[in-house]
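**Q** model the following, please.
(one chain, ligands or ions: 1)
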Amino acid sequence: MRSLPVRPAPMVDEMIQSLAVRTAAANFAHPNQLGLPTARGLRTEQRVAARLAELLDMPAEQLTSLTLSAYPPVLRGEAQRSQRTWLHRTEWACPRCSRLNGVVLRRWQLSLHPLCVQCPSLLTVVGTHREDSAPPDTAALDAQRLIAQDLEPERLHTAGAQRRFADLYLLCELVSATADQDWPRLPGWEHDLRAELSQPHSEWSRHPPDSPVRAAIVVFLCGRALANPARQRLLRGEAIERLAARDDDAARTLVRRFAPGALDTERRRPQVPSQRTQPVLASMIRTIQRLQRTRGLQPRHVPAWPVDATDSLIPTCDRRRELEHRAVTLHVLLAGRWHDPNAEVDARRDLGLRSHRRQRNAMLEGAVDATRAAHVVRIAERLIIQGLIDHQGLRQRLATPSGLLSTVRRQVAGLPVTSDVVLAAWCRLHQSPGPVDEATLASIRVFDRDLDPELRLRLREVLDDYLEGVDPAAVDTAQCPFVVDGRTA
Ligand SMILES: [Zn+2]
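**A** This next block holds a predicted model:
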């Protein structure tokens, strides 16, 4: 068989089918006319490589080395279906480079490589249309390059690289199992990319995602974590904690695989009370668990007084007691400790509430009636709508607000005369409603009564600015994207 008149040279890491299409086009032919099959699949690739060797007059080995089959099994998976694979089931290309030069890289067919680092761009699925997204930032590009180092020929077949590919897959699988809009925390571009998705969760067991967006929001974070033991421990810990809060077989299997030590606690973990014995409690627990799983609600998001729009700054004594009861109930549920006799004490401590002399478990002693359960669920929903504010962080930061007080006194002129204690408590009540002793409450009432509306507004503005300036991360991670990646240049 004679070779073709025009014989394009393969680009570095070019996919064999891409070379076949370019060869045909350069010779004004359709691949089929040259005996080049266009179907996808590892076996077809071998036929394409063999045929191209003839057409381009090149050694067969050189062309076979361009196929996906040349990747080690840890990347391409084995013939058995149970084997995990990094190969996605679509075809990815660069929206810029591929359009210009017709080249599709082999590594782009792996879900660990959702970026073209040349132009740079997020890849697109061939044959689909997507609005042009913002180009990846430095954090994403660095992470992509870090992962891609192991794809270089000199590293590809080393034991170290193979272990990292396997570890990366497992970490992605673990993280994606409970990923949502708020967790894990992502740097700027990845955060924005995730915000475009209605549901960031995707299942990585056996198969990685078929979309570059879904791959990018998980794989870079996990790649960075793998390169940093402390970060990896943190990410794994958070992921396992979130999984453990779920109550299904798939979650238990994952926890067992990733945290063999957690298995015992997992076994001891109480089941939800049955619908027959405690229908109200069981139903409330399931609802809260669902909100926790799907929306990322955590104990730290609960304020000590979960007030609603109709509550005044200082609710009445009875109202406060009821609000505290609801907060404790929600906190205990979110901590997954409704069977634990110590849970209520711990929840009260975390919420900054004084402990009752006679400790009891509100969950188990029938203290949750249908009305209170409905209120607890409504509070959970409201906290989600408000953007999951980290009230625990606010309580800690507002416990000793010395910098805040001097800022307020400097920036807000004409404040009614009051002590630092009262001013601090007034500020805290606005940010994270919670317990204040009776004497201070009385003084806050007086101070608040003497504030004119303009001054009150100004005070709240200064308070918001101060908190955001001090630590934007703790105010609201959903609305304040920030870089957690230390590698960002
Ligand atoms: Zn490109």
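**Q** CA atoms for contacts and neighbours, from now on please.
**A** Fine.
**Q** from residue 176, how far off is residue 254?
**A** From residue 254 across to residue 176, the span is 11 Å (Cα to Cα, to the nearest Å).
**Q** go on, residue 42?
**A** Going from residue 42 to residue 176 by Cα to Cα gives 27 Å.
**Q** between those two, who's got more neighbours?
**A** residue 176 (25 against 13; other Cα atoms under 10 Å).
**Q** for the helix or strand that contains that one, name the packing helices and strands.
**A** Per DSSP states H and E: residue 176 is located in helix 159-178. Contacts defined by 3 or more Cα pairs under 8 Å, 6 or more residues apart in numbering; DSSP states H and E place helix 159-178 against helix 73-76, helix 212-226, helix 229-244, helix 249-258.
**Q** mind listing what's buried along that helix?
**A** 161-162, 164-166, 168-178 (16 or more other Cα atoms under 10 Å).
**Q** and these near the ion, which?
**A** With the criterion set as Cα under 5 Å from the ion, no member of the buried residues of helix 159-178 is near the ion.
**Q** and the furthest pair within these?
**A** Spanning the widest gap among the buried residues of helix 159-178 are 161 and 178, at 26.8 Å by Cα to Cα.
**Q** quick check: can you list the domain ranges of the chain?
**A** Taking automatic domain parsing as the criterion, the chain consists of the domains 16-70, 92-262, 279-388, 394-475.
**Q** let's have those in CSV, adding mean pLDDT.
**A** Compiled in CSV, the domains of the chain are given as follows (pLDDT from 0 to 100):
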stretch, mean pLDDT
domain 16-70, 90
domain 92-262, 88
domain 279-388, 83
domain 394-475, 83
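**Q** want to throw the ones you listed into JSON lines with distance to residue 85?
**A** As requested, the domains of the chain are arranged in JSON lines below (distance: least, Cα to Cα, whole Å):
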{"stretch": "domain 16-70", "distance to residue 85": "12"}
{"stretch": "domain 92-262", "distance to residue 85": "6"}
{"stretch": "domain 279-388", "distance to residue 85": "27"}
{"stretch": "domain 394-475", "distance to residue 85": "36"}
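**Q** the helices in the stretch 251-400 of the chain, which residues?
**A** Here the stretch 251-400 of the chain has its helices, by DSSP state H, counting those that start in this stretch, at 262-268, 279-295, 317-334, 343-351, 370-385, 391-397.
**Q** what's the closest of those to the ion?
**A** helix 279-295 (34.8 Å; Cα to the ion).
**Q** who's residue 93 bridged to?
**A** Counting by DSSP bridges, residue 93 is bridged to residue 124.
**Q** near the ion, which residues of this protein show up?
**A** 94, 97, 116, 119.
**Q** buried subset of the residues you listed as a PyMOL selection?
**A** If you want just the buried ones from the residues of the chain next to the ion in PyMOL, going by 16+ other Cα under 10 Å, the selection is:
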select buried, resi 94+97+116
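**Q** so which of the residues of the chain next to the ion are in helices?
**A** residue 97 (DSSP state H).
**Q** what's the closest of the residues of the chain next to the ion to residue 153?
**A** Once Cα to Cα is applied, the member of these that ends up nearest residue 153 is residue 116, at 18.3 Å.
**Q** re the thing from before, now, of the helices and strands packed on helix 159-178, which is deepest in the fold?
**A** helix 212-226 (a mean of 24; mean count of other Cα atoms under 10 Å).
**Q** residues making contact with it?
**A** 92, 111-112, 114-115, 122-125, 140, 143-144, 146-147, 164, 167-168, 171-172, 175-176, 186, 190-191, 193-194, 200, 202, 208-209, 231-232, 235, 485 (Cα atoms under 8 Å, 6 or more residues apart in numbering).
**Q** drop anything exposed from those residues.
**A** 92, 111-112, 114-115, 122-125, 140, 143-144, 147, 164, 168, 171-172, 175-176, 186, 190-191, 193-194, 200, 202, 208-209, 231-232, 235, 485.
**Q** show me what the helix or strand hosting residue 449 is packed against.
**A** For residue 449, the element it lies in under DSSP H and E is helix 438-450. Packing partners of helix 438-450 (3+ Cα pairs under 8 Å, 6+ apart): helix 420-431.
**Q** coming back round to it: now the helices and strands packed on helix 159-178 in CSV, with distance to residue 431?
**A** Listed next are the helices and strands packed on helix 159-178 as CSV, based on distance: least, Cα to Cα, whole Å:
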stretch, distance to residue 431
helix 73-76, 50
helix 212-226, 32
helix 229-244, 26
helix 249-258, 35
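**Q** closest to residue 398 out of the ones you listed?
**A** Taking these one by one with Cα to Cα, helix 229-244 is closest: 25.4 Å.
**Q** compute the inter-axis angle for the closest one and helix 279-295.
**A** If you take axes from the mean of the first three to the mean of the last three Cα atoms, to 10 degrees, helix 229-244 sits at 140 degrees to helix 279-295.
**Q** C-alpha coordinates for helix 229-244, CSV please?
**A** The C-alpha trace of helix 229-244 is given here as CSV (Å, rounded to 0.1, in the frame of the first residue of the first chain):
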residue,chain,number,x,y,z
PRO,A,229,-0.7,16.0,53.5
ALA,A,230,-2.3,18.5,55.9
ARG,A,231,-4.8,19.7,53.3
GLN,A,232,-5.5,16.1,52.4
ARG,A,233,-6.2,15.1,56.0
LEU,A,234,-8.6,18.1,56.3
LEU,A,235,-10.5,17.4,53.1
ARG,A,236,-10.8,13.7,53.9
GLY,A,237,-11.9,14.4,57.4
GLU,A,238,-14.6,16.8,56.3
ALA,A,239,-15.8,14.4,53.5
ILE,A,240,-16.0,11.4,55.9
GLU,A,241,-17.8,13.5,58.5
ARG,A,242,-20.4,14.5,55.9
LEU,A,243,-20.7,10.9,54.7
ALA,A,244,-21.1,9.6,58.2
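**Q** can you list contacts of that helix?
**A** So helix 229-244 is contacted by 171, 174-175, 177-178, 184, 222, 225-226, 251-252, 254-255, 258-259, 266, 293 (Cα under 8 Å, 6+ apart).
**Q** can you rerun that using 6 Å?
**A** 175, 225, 226, 251 (Cα atoms under 6 Å, 6 or more residues apart in numbering).
**Q** just give me the closest of those residues to residue 2.
**A** residue 226 (49.9 Å).
**Q** do you know how far that closest one is from the ion?
**A** According to Cα to the ion, to the nearest Å, residue 226 and the ion sit 26 Å apart.
**Q** any idea how far that residue is from residue 109?
**A** In terms of Cα to Cα, residue 226 sits 22 Å off from residue 109.
**Q** got it, and residue 297?
**A** 36 Å.
**Q** and residue 64, by the same measure?
**A** 16 Å.
**Q** what does residue 440 give?
**A** Distance from residue 440 to residue 109, by Cα to Cα: 64 Å.
**Q** which one of these two is surrounded by more residues?
**A** Comparing residue 440 with residue 109 by neighbour count (other Cα under 10 Å), the higher total belongs to residue 109, at 22 against 16.
**Q** just to revisit the earlier point, need the residues that contact the helix holding residue 449.
**A** residue 422.
**Q** convert the C-alpha atoms of it to CSV, please.
**A** Output in CSV follows, covering the C-alpha atoms of helix 438-450 (Å, rounded to 0.1, in the frame of the first residue of the first chain):
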residue,chain,number,x,y,z
GLU,A,438,-30.7,39.9,82.2
ALA,A,439,-29.0,43.0,83.6
THR,A,440,-27.3,43.6,80.2
LEU,A,441,-30.6,42.9,78.4
ALA,A,442,-32.3,45.7,80.3
SER,A,443,-29.5,48.2,79.4
ILE,A,444,-29.6,47.1,75.7
ARG,A,445,-33.3,47.9,75.7
VAL,A,446,-32.6,51.4,76.9
PHE,A,447,-29.7,51.9,74.5
ASP,A,448,-31.7,50.6,71.5
ARG,A,449,-34.7,52.8,72.4
ASP,A,450,-32.4,55.9,72.4
